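> next input, structure requested:
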Amino acid sequence: MQYFDVVIVGAGQVGTHVSKMLSREDHDITLVDEDKVKTDAIDSDCDVFAFQGTPTSLKALSDAGVSEADLFIGVTPNESQNITACILAYELGAKKTLARINNYEYLLPENQSLFKKLGIDVMIYPELLAAKEIAASIKVNWVRQWMEFSGGELTLIG
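Residues are numbered from 1 along each chain as shown. As a prediction, the model looks like this:
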């Protein structure tokens, strides 16, 4: 397994879950959030370095080790904060960035190059992911599990 250095901003449900999951896979995880209560609540049983800091602060991002990050993930509830944090992380040296967004327009093909130029490699729109999952479950409602590979060209069904 390849080892990654990951910085995540946003210690809500998504950020906390992702940080714990990646930590269990032996990745080096740093979790940043403005709310000290959230960062203090990170379980001691997982190997996540959590600290209080503003996700769009150059100092906080530098202190989080963004310049060495293989992956930077912005999953705060605030889309603008996620986008700004990803742009800053990219400029500080993060190799790859991922932003959680709330605006489907950003995913349109004509907008992809703009965000790539800004340093945002991947954008996640949770509503679209949920809709795809629901549509897929309706198509094959007799299946308990399935995984698509190569853009749906190969489907593993269980």
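> now residue 21: how far from residue 52?
Noted for residue 21: a distance of 22 Å to residue 52, by Cβ to Cβ, to the nearest Å. For glycine as for every other residue, the C-beta is placed from the backbone atoms N, C-alpha and C.
> more neighbours, those two?
residue 52 (15 against 12; other Cβ atoms under 10 Å).
> setting aside sequence neighbours, what's the nearest residue to that one?
Nearest in space to residue 52, with sequence neighbours left out and distances taken as Cβ to Cβ, 6 or more residues apart in numbering, is residue 36 at 4.4 Å.
> my guess is that neighbour meets residue 53, correct?
No. Using Cβ atoms under 8 Å, residue 36 is not in contact with residue 53, being 9.8 Å away.
> what about the two, which has more around it?
Comparing residue 36 with residue 53 by other Cβ under 10 Å, the one with more neighbours is residue 53, at 20 against 13.
> give me phi/psi at the closest residue to residue 28 other than its chain neighbours?
Closest residue in space to residue 28, ignoring its immediate chain neighbours: residue 5 at 4.7 Å, by Cβ to Cβ, 6+ apart. With angles defined as degrees, to the nearest 10, residue 5 shows backbone torsions of phi -100, psi 120.
> same question for residue 76.
Backbone geometry at residue 76, expressed as degrees, to the nearest 10, gives phi -70, psi 170.
> what's the local residue count around it?
By the measure other Cβ under 10 Å, the count of residues near residue 76 is 23.
> and it, how far from residue 113?
As judged by Cβ to Cβ, residue 76 and residue 113 stand 25 Å apart.
> before we move on, what about residue 60?
Here the distance between residue 60 and residue 113 works out to 29 Å (Cβ to Cβ).
> those two: which is more packed in?
Neighbour count, other Cβ under 10 Å: between residue 60 and residue 113, residue 60 has more, with 20 against 9.
> list the contacts for the closest residue to residue 92 other than its chain neighbours?
Nearest residue to residue 92 in three dimensions, chain neighbours excluded: residue 66, at 4.6 Å (Cβ to Cβ, 6+ apart). Applying Cβ atoms under 8 Å, 6 or more residues apart in numbering to residue 66 gives the contacts 7, 72, 88, 89, 92, 93, 94.
> if anything else comes up later, I'll come back, but that's it for now.
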